[in-house]
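Asker: build me a model from this:
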Amino acid sequence: ETPRPSAVFVASDVVALGALGAIRGAGLRVPADVSVVGFDDIPLAAFFDPPLTTVRLPAFDLGIAAGQAILELIEGRAVPARTLLGTELLVRMSAAPPGGRNGPGSRAIDDLAREPAPAGSQRGTPAGSAGDGKETHG
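Answerer: Numbering: from 1, shown residues only. As a prediction, the model looks like this:
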């Protein structure tokens with residue numbers, strides 16, 4: 001038997017919604033059996049069942065950086081080959097350590113998410129340990 005993954009990270013929140021349905025269709029539970037993490041933090045992500053853990057893309061900043069690069073190119077100036085923008089992890093209820101939210105050998109996901117973020121990064125965490133869907137950012 002092929003071992004199943006403990007988590008999936010997908011390229012967009014819309015695809016994550018499909019993953020949630022497929023996981024449920026296979027008789028598995030999110031996040032008790034499989035965690036799901038999306039990318040881009042669409043407005044409905046907080047209202048998925050369960051609310052989706054996702055990576056927020058700084059869309060406004062991305063637009064500004066792209067516009068500045070275009071203006072630089074028009075003016076004949078060199079632009080960097082790539083520009084790195086910060087993202088923010090929003091920990092909601094669709095992700096948990098392997099074995100569930102308080103699985104053996106792991107600390108509660110809420111405790112892990114409340115640890116100080118590495119320098120230069122940000123992340124969001126559920127405000128209440130009962131998973132009230134509210135977020136804090138830090």
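Asker: contacts only, for residue 38.
Answerer: The contact partners of residue 38, by C-beta atoms under 8 Å, 6 or more residues apart in numbering, come to 9-10, 12-13, 15-17, 45, 52-55. Just so you know, the C-beta spots here come from the backbone N, C-alpha and C atoms, and that holds for glycine as well.
Asker: would residue 89 count as being in a helix?
Answerer: No - with DSSP: H, G, I helix; E, B strand; the rest coil as the criterion, residue 89 is assigned strand and is not in a helix.
Asker: pLDDT below threshold where in this structure?
Answerer: In the prediction, the chain carries residues with pLDDT under 70 at positions 100-138.
Asker: among the contacts of residue 38, name the buried ones.
Answerer: In terms of neighbour count (16 or more other C-beta atoms under 10 Å), the buried residues within these are 9-10, 13, 16-17, 45, 52-55.
Asker: which one of those is nearest residue 84?
Answerer: Residue 84 has its nearest neighbour among the buried ones among the contacts of residue 38 in residue 55, at 14.0 Å by C-beta to C-beta.
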